[in-house]
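Student: One predicted model, sequence on top.
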Amino acid sequence: KQEVTQIPAALSVPEGENLVLNCSFTDSAIYNLQWFRQDPGKGLTSLLLIQSSQREQTSGRLNASLDKSSGRSTLYIAASQPGDSATYLCAVRGNYGQNFVFGPGTRLSVLP
Amino acid sequence: DAGVIQSPRHEVTEMGQEVTLRCKPISGHDYLFWYRQTMMRGLELLIYFNNNVPIDDSGMPEDRFSAKMPNASFSTLKIQPSEPRDSAVYFCASTSSRDTQYFGPGTRLTVL
């Protein structure tokens, strides 16, 4: 059974810092991995999707990497801004089925 | 497109009452997912449909929970009878592929 963990559980940084969020998964037989953002009281918004054959994806100040063999993904946020404050969740989809298995999330606070 | 629509946004009910949550997926999406999010257990998949047919309901906690999708534009999640431990945020999501999922804003359910 796939298990997804995220470290740290919470992170507080001053504005302008670069930061890294970590995601680990136990079963490397994945189809893809996705990073989501969740604002308080809101649904999830997709940030980046990495297919199993890819090593990384970039969107603006965000860069996500995938090391399938070691069961790890990182989300790098450059030049953080207060508007980046949210909970970030990673989700892994296996080779069969449509469902994602979600990590518990990292709650990020970027202080002005 | 209006995105995934869920109603109601908030529901407060008393233990033993029937609760019905509603979801309208994005037009053209043929997969629909119901998730539950709690502080203790994070985001869990309850059930998902493909072309209105339930594919995987292994996440449905017990017989008190049921889900239907009578047509491509509407799905319900019903809890009968409701219990305080059912209090959570329930999300609906839809997709047309094995890529990203689009989440609704969620229904916050409180069972007293």
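Tutor: Done, it's in. Computed from a predicted model, the values in this text were never measured in an experiment.
Student: Show me the residue of chain A that gets nearest to chain B, please.
Tutor: residue A:43 (3.8 Å; Cβ to the nearest Cβ). C-betas here are computed from N, CA, C, even on glycine.
Student: which residue sits closest to that residue, ignoring its sequence neighbours?
Tutor: Nearest residue to residue A:43 in three dimensions, chain neighbours excluded: residue B:103, at 3.8 Å (Cβ to Cβ, 6 or more residues apart in numbering or on different chains).
Student: Show me which residues of chain B are close to chain A?
Tutor: Contact residues, chain B versus chain A (Cβ under 8 Å from any Cβ of the partner chain): B:4, B:31, B:33, B:42-45, B:48, B:50, B:55-56, B:91, B:93, B:95, B:98-106, B:108.
Student: Report the buried members of those residues.
Tutor: Listed as buried from these are B:4, B:31, B:33, B:42-43, B:45, B:48, B:56, B:91, B:93, B:95, B:100-106, B:108; burial here means 16 or more other Cβ atoms under 10 Å in any protein chain shown.
Student: ok, which stretches of chain A are strands?
Tutor: Assigned by DSSP state E, the strands in chain A fall at A:4-7, A:10-14, A:19-25, A:30-38, A:44-51, A:56-59, A:62-67, A:72-77, A:86-94, A:100-102, A:106-111.
Student: for the record, mean pLDDT for the fourth one?
Tutor: The average of the pLDDT scores along strand A:30-38 is 95.
Student: For the residue nearest the centre of chain B, give the beta-bridge partners.
Tutor: The C-alpha lying nearest the average C-alpha coordinate of chain B belongs to residue B:34 (Cα atoms, centre = their mean; 3.5 Å). For residue B:34, the beta-bridge partners are residue B:47, residue B:92 (DSSP bridges).
Student: pretty sure it contacts residue B:54?
Tutor: No. In this structure residue B:34 lies outside contact range of residue B:54 using Cβ atoms under 8 Å: 10.1 Å.
Student: Can you pull the residues that touch both of these two?
Tutor: Between them, residue B:34 and residue B:54 share these contacting residues under Cβ atoms under 8 Å, 6 or more residues apart in numbering or on different chains: B:47, B:48, B:67.
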